[in-house]
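Colleague: predicted structure and sequence below. I'll ask about it afterward.
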Amino acid sequence: MHQKRRILIAEENATILEILEKSLISPEYEIVKAQNGALVAKLLQQESPPDLLILDPILPTIDGWQLLKLIDSPGKSSTPVIIISRTELEDKDITEHRSIQGCFTWPFNTDFLKDRISSILIKQHTASDDYHGLKVRSVISGDRHLKYLAGIDQLTILGLLRQRADSESIKAAKALSIPILDSPDNIQVGERVDLIIDTSDSTDDEILNYAAERRIPLIYGAGLSLLLNLMDRKDKAEKPVGLLNNDCYTRAEEFTFLNDLSRISSSTFDREALQQNILKLFMNTTGADSSCIMIYDDETKKFIVSSSSNLSEKFVHRVKLPLSDPVIEDFITIRHEMAIPSLKGGYPSLLFEEAIKEGLKSLLALPLLIKEKLIGIVCIFRNREGEFSSRELAYLSAMAAQVAIALENSNLYASSRENQMRVEQLLSKVIVAQEEERKWIAGEIHDSIAQSMVGILTKVQTSQSLLTVSPDKVPYELEELRKIVAESVKEVRQIIFNLRPTSLDDLGLVASLENLIKRIEREGTIDIELIVNERDRRVPPILETVAFRIVQEALNNVKKHSRARKAWIELYFEPVKLSIKIVDNGKGFRWSEISQKFKDGESFGLFSMKERAQLVGGSVDISSNENKGTTVSVQIPIERSVS
């Protein structure tokens, strides 16, 4: 029976505590909960403290920062900590505590938290300076690289796992007298294992659990790429022992880089903060003088500087690389690092020209690729000429892949947050619109129906009085009463039409627009022409409502503001979309004035049309020039909206 890993969740808020507990339910974990700092301190001082602490810094009795001082105090075995905060924390608050292994700010995807927990519990003792000068006793999983790894003097291979029956590794294992194991449990009892190296495409639960229970470092994926690049067998065959030990030390440095990058990636999803931390890590590791991250911008169709270190504002502003730039063309083609020992006489690229103006002499550029697509570039500059070492090229290239994933995750998180904010804004606008509609209905009833009812009541009372005093005047009063009732009926019908024309449900969009046009033409001097390609075509009710409201708002603007004498409506039903164009010959307007009125709380009409269209995946484009009229173009997708 595997021993469960104990995770202590320290969170005062009961709702958040429940969310975290449910998200971490697993046969591998024992969840312990605490809602105050005193209880957390007591649990940490037990003989068997928790394997991991998830900590909200804001706790009653003893706050989280005091608990961190207790955990980090000298002589204590530091329990790894993941911070869960409802506000963004400053870097200095995190970096000054060695026990903090990750930091998440609400709201966040709990899947990311689970991945981080798994990474800490399995790899919290991953390769570090412990391997300096030691013979590493390892178990190899998978059927690749065995022969290669067996030739490395620093590795003692205790067995081969997860091999294919027809693999070359079986032959190699037999030739090298390496045991072939069915399961990690077949490793001899008491045999010390320093490291598990997984060369397969994916790591299975058995190996993960074996490594986690025994706290054996597990290298796979990007870590394996680092290992294979750094342990170059041909180079090592010619190196003396001193250089081999130096390589071990270098390898420890690079694993530190990997761990630091993992910590940075999990500490924040804020794009700017993440990119600045990544640049700082690259600068410290390579001794670079300047650096920047360039990201592809969909609007400009260029790679622009999104974050920089020790570069002027002029450089950041000027360096915008189109897809036709030689550097970008090469990256799209070759998809690997570009090391330039001297920028003079190099590519005819704007990047090189501006870097030279900054006094920089050499460059290492690393592509950021997601699914073979170039999303950005990391540029590392030095103010001296010279080659970058093969060691730097090897592990920095491997790190670029991890950086690309971290940046893509931050982009996805930012997009998710933006979508959430957009939904919240739309919901707020819907509520405001409902209240405005109710206010309008109340005003219409007060100004028309209520007044008419008072008039009717007065006429009835007058008629009653005249029946006995002056019966000959009653017919006149009844006629006046009839006129008031007729006018009231007309007003009620107008209110109903403004709320939602019944013809929209019964007869469709075209008939409703024709009724709207007749009403407007009766009220004023505007002549409106409707052009339709399919009169009997129907689309889903929600689309007909949106289209009608947009045209209604556009015509209201024409009637109130344009001073137009003529307007045209073109309505085209296409296979996958509904296209509408409203054109008038009025005085037009300047967009700057309309935008300012909107900011001042006026002129919501044009912007409400855009929002209505966006709700069903459509768009509204408005063009206008003074004294040349206005054109409103509407595109509403039919298929997407239906689905």
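Modeller: Sure thing, it's come through. Residues are numbered from 1 along each chain as shown.
Colleague: and the end-to-end length of stretch 87-96?
Modeller: In stretch 87-96, first residue to last residue: 18 Å (Cα to Cα, to the nearest Å).
Colleague: which outside residues touch that stretch?
Modeller: Contacts to stretch 87-96, defined as Cβ atoms under 8 Å, 6 or more residues apart in numbering, come from residues 57, 65, 83, 100, 103, 105, 267, 268, 270, 273, 277. C-beta: built from backbone N, CA, C; applies to glycine.
Colleague: give me the distance from it to the chain's centre.
Modeller: A distance of 22 Å separates the centroid of the chain from that of stretch 87-96, by Cα atoms, centre = their mean, to the nearest Å.
Colleague: residues of it that come out buried?
Modeller: Buried residues in stretch 87-96, defined by neighbour count with 16 or more other Cβ atoms under 10 Å: residue 94.
Colleague: neighbours of residue 58, how many?
Modeller: The number of residues packed near residue 58 is 15, by other Cβ atoms under 10 Å.
Colleague: which other helices and strands contact the helix or strand hosting residue 609?
Modeller: Secondary structure from DSSP states H and E places residue 609 in helix 605-615. In terms of contacts (3 or more Cβ pairs under 8 Å, 6 or more residues apart in numbering; DSSP states H and E), helix 605-615 is packed against helix 390-444, helix 541-557, helix 591-599, strand 619-624, strand 630-637.
Colleague: what do you get if the cut-off is 7 Å, keeping everything else the same?
Modeller: helix 541-557, strand 619-624 (3 or more Cβ pairs under 7 Å, 6 or more residues apart in numbering; DSSP states H and E).
Colleague: dump the ones you listed to JSON lines, plus distance to residue 78.
Modeller: Output for the helices and strands packed on helix 605-615, formatted as JSON lines (distance: least, Cβ to Cβ, whole Å):
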{"stretch": "helix 541-557", "distance to residue 78": "58"}
{"stretch": "strand 619-624", "distance to residue 78": "55"}
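Colleague: most neighbours per residue, which of these?
Modeller: Highest mean neighbour count among the helices and strands packed on helix 605-615 (mean count of other Cβ atoms under 10 Å): helix 541-557, with a mean of 19.
Colleague: quick one: that helix to strand 630-637, angle?
Modeller: Going by axes from the mean of the first three to the mean of the last three Cα atoms, to 10 degrees, helix 541-557 is angled at 180 degrees with respect to strand 630-637.
Colleague: CA atoms only: put helix 541-557 into CSV for me.
Modeller: Taking Å, rounded to 0.1, in the frame of the first residue of the first chain, the C-alpha atoms of helix 541-557 are listed here in CSV:
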residue,chain,number,x,y,z
PRO,A,541,-35.8,34.8,-33.8
ILE,A,542,-32.8,36.2,-31.8
LEU,A,543,-31.2,37.3,-35.1
GLU,A,544,-34.3,38.9,-36.4
THR,A,545,-34.7,40.8,-33.1
VAL,A,546,-31.0,42.0,-33.1
ALA,A,547,-31.3,43.0,-36.8
PHE,A,548,-34.5,44.9,-36.2
ARG,A,549,-33.2,46.8,-33.2
ILE,A,550,-30.0,47.8,-35.0
VAL,A,551,-32.0,49.2,-38.0
GLN,A,552,-34.5,50.8,-35.6
GLU,A,553,-31.7,52.6,-33.7
ALA,A,554,-30.0,53.6,-37.0
LEU,A,555,-33.2,55.1,-38.3
ASN,A,556,-33.9,56.9,-35.0
ASN,A,557,-30.5,58.5,-35.4
